[in-house]
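J.: I would like the atomic coordinates for the input below:
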Amino acid sequence: MTNVRSLTGADFEREVTRSDVPVLVDYWAPWCGPCHTLRPVIEEIAAEHAETLKVVKVNVDDEPRLAASAGVQGIPLVVLYRDGQPVARAVGAQPKAQLQSALGLDGDPPNAA
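T.: Here you go, the predicted model:
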């Protein structure tokens, strides 16, 4: 069972913008090979940070407005939102340690000050 949920434009504001906890958003597409490569890494991060981080996915083909508002120019794109604002991003399929480092998830819990 995964802790990663799919989002649409209808629930993005509630789940990301108004979230009380940091949110990791994986912008992806079904046809994207690197997106499928990154999927198990995203699921591991979701499981390891289940108490302190919400992890969601946005299909850029189904939600082009969300992709545009996030500035998606290449996928996979993973963005960490804190207090509704993007604070870190990583483009491309990366090893878990590298992705966590790029997003600032390799040290203190993501909701730490």
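
J.: So residue 80 belongs to a strand, correct?
T.: Yes: per DSSP: H, G, I helix; E, B strand; the rest coil, residue 80 lies within a strand segment.

J.: Neighbours of it, how many?
T.: 21 (other Cβ atoms under 10 Å). For every residue, glycine as well, the C-beta is placed using N, CA and C.

J.: Report whether the expected contact of it with residue 105 is present.
T.: Yes: with contact defined as Cβ atoms under 8 Å, residue 80 reaches residue 105; the gap is 7.4 Å.

J.: For the two, list the residues in contact with both.
T.: Residues touching both residue 80 and residue 105 by Cβ atoms under 8 Å, 6 or more residues apart in numbering: residue 24.

J.: what helices or strands is the longest helix seen in the chain leaning on?
T.: The longest helix of the chain (DSSP state H) is helix 33-48. Where contact means 3 or more Cβ pairs under 8 Å, 6 or more residues apart in numbering; DSSP states H and E, helix 33-48 is packed against strand 4-6, strand 23-28, strand 54-59, helix 96-103.

J.: If you count neighbours, what's buried in the shortest one?
T.: Using 16 or more other Cβ atoms under 10 Å as the test for burial, strand 4-6 gives residue 4.
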